[in-house]
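Visitor: pasting a predicted model and its sequence here:
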Amino acid sequence: MDPVMVSTGGALHPNLYLDPELQEREQRLIFERTWQLAGHVSSLRERGSYVTAWAGNQPVLVVRDENGDLRAFRNVCRHRGSMLLTGSGQCKNAIRCRYHGWTYKLDGTLIGLPEVRAFGEDLDKSTLGLFPARVEEWCGLVFVNLDPDAAPFASLVDGLAERLELYDIASLVPFSPYDGEEPANWKVVAENYLDGYHIPIAHPALVRLLDYKRYEADIHDHWVWFEAPHREEPTDNWIVRLYSKIVQPMPGLSADDLRVWRYVFIYPNTILDIYPDQMNTWVIRPTGVDSSHDHYECYRPVHNSLRTRVAQRLNLRLNTIVAHEDIDLVRNVQTGLGTRDYECGPLSERDAALAWFADRIRGDLGL
């Protein structure tokens, strides 16, 4: 798929980050129509294994059924609206609601409920199965979509799987999961990730690792690929210096892959951070007009030397520093956007990914 030509046109209007009434519109027109990352196949290897996730404010679950296929459903019991499952784990042969015990097969069919005669002879269990959702496994990652008419996920990210093939994401195993909160609208958080322009000013440790002059964005219809080569010059930051010295590539990577960090943004809110020593996923979920939730997962090969584990710890430490800096940045932006008479300033060529994101949001919301 060819890159998309993006104008450096208008940013989103400040009101789009501040209006509480916009949240329901975003939920219906964005989060219930786009593919949302639910997890990694390592959590769904066996029959009855499951993961839970969110499509905006809508809970969803994914389970491996009796035939080895993935099934996705809205994570809600048809009786009284209780969420059926939490976290991830094993539900064996059936999904049982912990509130009143309504029980469903792994294909979503209602198969049993306590005191069934109390519901009368007209109860038709065949009409009370779980609400289905779309699910796709792609590059070892599992995505769900509440829109039955959505285009297949793989078709939307055409060309991306080939770039990720050498990382063999399906073979990796999870470590160091993290959940956190951001004091800003989810779009502010997403745009901060897409914005490379702030790196030299706001991230002094990161800019000692990455060569900002060669930091590039390759923009497509539904995804953006960032290349961030490492600097050749030595640095006085001990974390960056030690990481650069001891990091080794994962199996299948070449020497060229060792000296570059790669980032992928999949519209609207899924992020893949691709490093020589590990891969991280990040999902941004709106929780309020001025708040959002982060869910991170880290993945690495099954077998790691002590040297590689040290490099991975340094990687996490550097990215934790950057994350704390970003939390402060998005808090300041969220506050500043409420300034009376403020309108967003012009975007530069460095902001092409922000312009792309703004166009996607306006298009989805019909603005």
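Guide: Arrived safely. Residues are numbered from 1 along each chain as shown.
Visitor: assign Ile284 to helix, strand or coil.
Guide: Each residue gets one of three states, and Ile284 gets strand by DSSP: H, G, I helix; E, B strand; the rest coil.
Visitor: excluding its backbone neighbours, what's nearest it?
Guide: In space, Ile284 comes closest to Asn269 once its chain neighbours are excluded; the distance is 4.4 Å by C-beta to C-beta, 6 or more residues apart in numbering. (C-beta placed from N, C-alpha, C; glycine too.)
Visitor: now do the contacts for that neighbour.
Guide: Taking C-beta atoms under 8 Å, 6 or more residues apart in numbering as the contact definition, Asn269 lies against Phe31, Gln36, Trp186, Ala190, Val283, Ile284, Arg285.
Visitor: cool, and Ser291?
Guide: Listed by C-beta under 8 Å, 6+ apart, the contact set of Ser291 reads Glu181, Glu182, Pro183, Ala184, Asn185.
Visitor: which among those end up buried?
Guide: Buried residues within the contacts of Ser291, counting neighbours by 16 or more other C-beta atoms under 10 Å: Glu182, Pro183, Ala184, Asn185.
Visitor: hang on, the earlier thing: may I ask which two of the contacts of Asn269 are separated the most?
Guide: Using C-beta to C-beta, the two most remote members of the contacts of Asn269 are Gln36 and Ala190, lying 13.6 Å apart.
Visitor: picking that back up, which member of the buried ones among the contacts of Ser291 is positioned nearest Leu12?
Guide: Each of the buried ones among the contacts of Ser291 was scored against Leu12 by C-beta to C-beta, and Asn185 proved nearest at 9.9 Å.
Visitor: isn't that closest one up against Asp290?
Guide: Yes. If you go by C-beta atoms under 8 Å, Asn185 and Asp290 touch, sitting 5.9 Å apart.
Visitor: how close does Glu26 sit to Tyr299?
Guide: Glu26 sits 29 Å away from Tyr299 when distances are taken as C-beta to C-beta, to the nearest Å.
Visitor: same check, this time on Val322
Guide: Between Val322 and Tyr299 the distance is 19 Å, computed by C-beta to C-beta.
Visitor: please name the nearest non-neighbouring residue to Arg350.
Guide: When the adjacent residues along the chain are set aside, Arg350 lies closest to Tyr197, with 4.2 Å between them (C-beta to C-beta, 6+ apart).
Visitor: now the contacts of Asn269 in a markdown table, with distance to Phe226 and neighbour count?
Guide: A markdown table is the format used below for these (distance: C-beta to C-beta, whole Å; neighbours: other C-beta atoms under 10 Å):
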| residue | distance to Phe226 | neighbour count |
| --- | --- | --- |
| Phe31 | 24 | 23 |
| Gln36 | 21 | 25 |
| Trp186 | 19 | 28 |
| Ala190 | 14 | 24 |
| Val283 | 18 | 19 |
| Ile284 | 16 | 21 |
| Arg285 | 22 | 19 |
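Visitor: nearest to Asp359, of the residues you listed?
Guide: When those are compared for distance to Asp359 (C-beta to C-beta), Ala190 wins out at 13.5 Å.
Visitor: if I look at the closest one, what pLDDT would I see?
Guide: Note for Ala190: predicted pLDDT of 98.
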